[in-house]
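Take this sequence and fold it.
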Amino acid sequence: MDGSTLGERRATMTFITAADEMAALRRLAKDEGTTKTAVLRRALRLYRMATERAAAGHRLVTVDKNGAIQTELLLP
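Sure, this is the predicted structure:
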């Protein structure tokens, strides 16, 4: 499910992006068997979660299978 529910207010947005970014969005949607809109909704939820956690003083990192930090995402 993409996070939307029936009865919720909807808004439409149009945006301009670089051709390579649109190609990446199309590829993600195709690979996941979903729509570009669903990919963007998930990306927005992830970004909101990351910025909220960062504002609360948490770190967003990737770890390997042994639990060692591999990368850290630094947000403004």
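
from here on, contacts and neighbour counts on C-alpha atoms
Noted.

in this protein, which ranges drop under the pLDDT threshold?
Low-confidence segments of the chain, defined by pLDDT under 70, span residues 1-6.

What segments of it are helices?
If DSSP state H is used as the criterion, the helices of the chain fall at 19-32, 36-55.

out of these, which comes closest to residue 73?
Closest to residue 73 of those, according to C-alpha to C-alpha: helix 36-55, at 9.0 Å.

re earlier: turn the helices of the chain into TSV, columns for distance to residue 9.
Listed next are the helices of the chain as TSV, based on distance: least, C-alpha to C-alpha, whole Å:
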stretch	distance to residue 9
helix 19-32	24
helix 36-55	15
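
Relative to residue 52, how far out is the residue positioned nearest the centre of the chain?
Nearest to the geometric centre of the chain sits residue 43, at 1.5 Å (C-alpha atoms, centre = their mean). Spatial separation of residue 43 from residue 52 under the definition C-alpha to C-alpha, to the nearest Å is 14 Å.

next one: residue 76
Residue 76 sits at a distance of 11 Å from residue 52 (criterion: C-alpha to C-alpha).

Which residue of this structure lies farthest from its centroid?
What lies farthest from the middle of the chain is residue 66; by C-alpha atoms, centre = their mean that is 25.5 Å.

if we can go back for a sec, so what's the residue nearest to the centre of the chain up against?
When contacts are counted by C-alpha atoms under 8 Å, 6 or more residues apart in numbering, residue 43 is found next to no other residue.
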